[in-house]
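1. Below are the sequence and a predicted model; questions follow.
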Amino acid sequence: MKRLLPVHVVVALYLSIPAYATSQTLTGDQPASLRIAPDIKHPDGYAGLVPNDPTIPGKMLDVMRTSQLRYQEGSNLLKSGQAAKARAAFDAAVDLILKSEWNFQDTPVLNRFFQDLIQRIQKDESRYLSPNEEVEEEPEAAVLDELESLDLIPITVDPSLRDVVEADLANTRYDIPVTLNEKVLKSLNYWLNKGLKYFRDGLLRSGRYREMIQKTFKEASVPLDVMYLAQVESLFKTNALSRKQAKGIWQFGKGTAIRYGLRVDKYIDERADPEKSTRAAARYLNDLYAMFKDWNLVLAAYNWGEGRVQRLVVKSGVNDFWDLMDLRRNFPKETKNHVPLIMASIILARNPQMYGLPTELEAPVLCDRVTLPRPIDLRAAAKALGTTVDTLKEINPELRSYYTPFGYSGYQLKVPLGKGDLLQGKLASLPIVKPEPARPLLSGRYRVRPGDTIHGIAAQHKTTASALLRANGLKAHESLRVGMWLRVPSSTQLASKRSSSKAKARSSSAGAANRRVQQASAHP
């Protein structure tokens, strides 16, 4: 991009902007002299990032100053609640260093600037982002949401399809019992007509993970055909997120994921990790089979929940899925669709050429793994590897931000094949990423409206002005800006602190009284 003004002129203009102008977000359609960060002062009272060192080359200073302006712009956007724009500004600040003509790792002054920049971005994100805003992922809708509402009843089955499928089943040996009935035929008809694009996309994508899933299932003694459960759940998308907040290839809910050893927090969501979630799915499927001894009921329980299916079986005295379907009150509509659609998926995926489906699937995802001794910034790692952040995030879909997780001993970062040794050799020189400070317990967030005051907001949320200031890193003399988000401490935490303070006061008073008694005894 062509620079409109020299950086030193931009800085001078910036410092001359009246205070009222800094309260507004500056956009690309404003004059060039105003397309800069709106507030030079950082809430922590930091001095500028750029060192005052006359020995630094002028061109390098220009890069550092421009990076600082982008950071300051992002910081102000973040405080005003515009998280997406703030992230773009932070990215621009970091990219200016990573894409500069100097290798910051070999340039001490630039390395110190970069380290400070990363830490300030982290601190701002820690202070002003809610947990949901910290997530960098872009989830896709899970196909399961649409399939749950699918009405199979009006679908008309082509008689020739029945003949083809019956011949196919007669010559194919499946890993689980595959039943051909009207619902399965209608599911086949759906996949081959209205749902054809879905099915083709999922089938092609399955090639990325098929070998891994088959290996994992074989080790866990799970029938290989059960892998096509993922075709119905997610179309093999690692970032599929349903309306019920189930996620990943296997569409785990958060509770079930944690139960089966997957880590789900603000740094990492292992439901999106293809290998770890597949191992968890294999354990879960085995547990379900131990409970029901029938793979159709296992698939129904995977969709509806094992407790509900077990209660239906006990109440009815029927333990066959298709017989349960004949009862007056049985499964919900989505579960009635779920099992037939999986049966149809198994039939089509086992012999795709018979149904005009592709046989050449996407290639398996191959990569190197590097065990990290500490968290790292993906942007710095991408620069060191000569690749892109998007590439690293694509092969590590479990990562929820630009940092590898804190408190995760032995975390393995996947990198493009052949780049593992390169990253291993550069780990020591990558910038240090510090964990966020512990956050106060919060009951929610509040967006400042015209006329609001700290005391008024505190009273409204049954907290104190001092607690509200502390939770947001604000000073008593700082004014609120309309539109900014505030973290609101919970009344429970406040009560706990008050109780603790009173206990300390009582303890201190008792101690003082004891000392007076002892002094009186010593001096009668």
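-> Noted; the coordinates are in hand.
2. For Lys59, what is the enclosing helix or strand?
-> Per DSSP states H and E, Lys59 falls inside helix 58-79.
3. ok, Pro373 touching Leu427?
-> Yes. Contact criterion CB atoms under 8 Å: Pro373 and Leu427 qualify, at 6.9 Å. To be clear about C-beta, it is placed using only N, CA and C from the backbone, and glycine gets the same treatment.
4. Between these two, point out the one with more neighbours.
-> Shown here are Pro373 and Leu427; by other CB atoms under 10 Å, Leu427 has more neighbours (16 against 11).
5. Distance of that one relative to Ile118?
-> 16 Å (CB to CB, to the nearest Å).
6. again, but for Glu275
-> Taken as CB to CB, the span from Glu275 to Ile118 is 29 Å.
7. okay, these two: which has more neighbours?
-> Ile118 (23 against 16).
8. And the most centrally placed residue in the chain, how close does it get to Leu229?
-> Nearest to the mean C-alpha position of the chain, counting by CA atoms, centre = their mean, stands Arg400 at 3.5 Å. Using CB to CB, we find Arg400 at a distance of 25 Å from Leu229.
9. can you pull out the strands in the chain?
-> Counting by DSSP state E, the segments of the chain that form strands are 140-141, 240-241, 367-371, 412-416, 442-447, 485-489.
10. deepest of those, which one?
-> strand 240-241 (a mean of 24; mean count of other CB atoms under 10 Å).
11. who's in contact with Val365?
-> 208-209, 274, 395 (CB atoms under 8 Å, 6 or more residues apart in numbering).
12. correction: Ile432
-> Contacts of Ile432 by CB under 8 Å, 6+ apart are 115, 374.
13. when you give positions from now on, start the count at 15
-> OK, 15 is where the count begins now, so the last one is Ile446.
14. For it, grab phi and psi.
-> The phi and psi values for Ile446, taken as degrees, to the nearest 10, are phi -80, psi 130.
15. And Gln265, by the same measure?
-> Residue torsions, per degrees, to the nearest 10, at Gln265 are phi 50, psi 50.
16. returning to that earlier point: tell me what the helix holding Lys73 is packed against?
-> Packed against helix 72-93 by the contact rule (3 or more CB pairs under 8 Å, 6 or more residues apart in numbering; DSSP states H and E) you find helix 21-29, helix 97-112, helix 122-142.
17. where do the helices sit along the stretch 215-364 of the chain?
-> In the stretch 215-364 of the chain, the segments counted as helices under DSSP state H, counting those that start in this stretch are 224-234, 243-247, 268-273, 288-306, 309-318, 320-330, 335-339, 347-364.
18. Out of these, which one sits most buried?
-> The most buried one of the helices of the stretch 215-364 of the chain (mean count of other CB under 10 Å) is helix 243-247, showing a mean of 27.
19. Which elements pack onto that one?
-> So helix 243-247, by 3+ CB pairs under 8 Å, 6+ apart, packs with helix 157-162, helix 210-220, helix 347-364.
20. still on that earlier bit, now the strands of the chain as a markdown table including mean pLDDT and distance to Ile169?
-> Listed next are the strands of the chain as a markdown table, based on pLDDT from 0 to 100; distance: least, CB to CB, whole Å:
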| stretch | mean pLDDT | distance to Ile169 |
| --- | --- | --- |
| strand 154-155 | 66 | 23 |
| strand 254-255 | 92 | 25 |
| strand 381-385 | 97 | 41 |
| strand 426-430 | 98 | 42 |
| strand 456-461 | 70 | 46 |
| strand 499-503 | 82 | 49 |
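21. Would you enumerate the residues in contact with Met368?
-> Taking CB under 8 Å, 6+ apart, one finds 178, 182 in contact with Met368.
22. From what I see, Val502 and Ala485 are in contact.
-> Yes. Here Val502 lies in contact with Ala485, judged by CB under 8 Å, at a distance of 7.1 Å.
23. Just the CA coordinates for stretch 237-254, please, in CSV.
-> Provided in CSV are the C-alpha atoms of stretch 237-254 (Å, rounded to 0.1, in the frame of the first residue of the first chain):
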residue,chain,number,x,y,z
PRO,A,237,-16.5,-51.4,13.8
LEU,A,238,-15.0,-49.4,10.9
ASP,A,239,-18.4,-48.7,9.3
VAL,A,240,-19.3,-46.6,12.4
MET,A,241,-17.0,-43.9,11.1
TYR,A,242,-19.8,-42.7,8.8
LEU,A,243,-21.6,-41.5,11.9
ALA,A,244,-19.4,-38.4,11.2
GLN,A,245,-20.9,-38.0,7.7
VAL,A,246,-24.3,-37.3,9.3
GLU,A,247,-23.0,-35.4,12.3
SER,A,248,-20.6,-33.0,10.6
LEU,A,249,-19.6,-34.0,7.0
PHE,A,250,-16.2,-34.5,8.6
LYS,A,251,-15.7,-30.8,9.3
THR,A,252,-13.4,-30.1,12.2
ASN,A,253,-15.0,-26.7,12.9
ALA,A,254,-18.7,-27.7,12.6
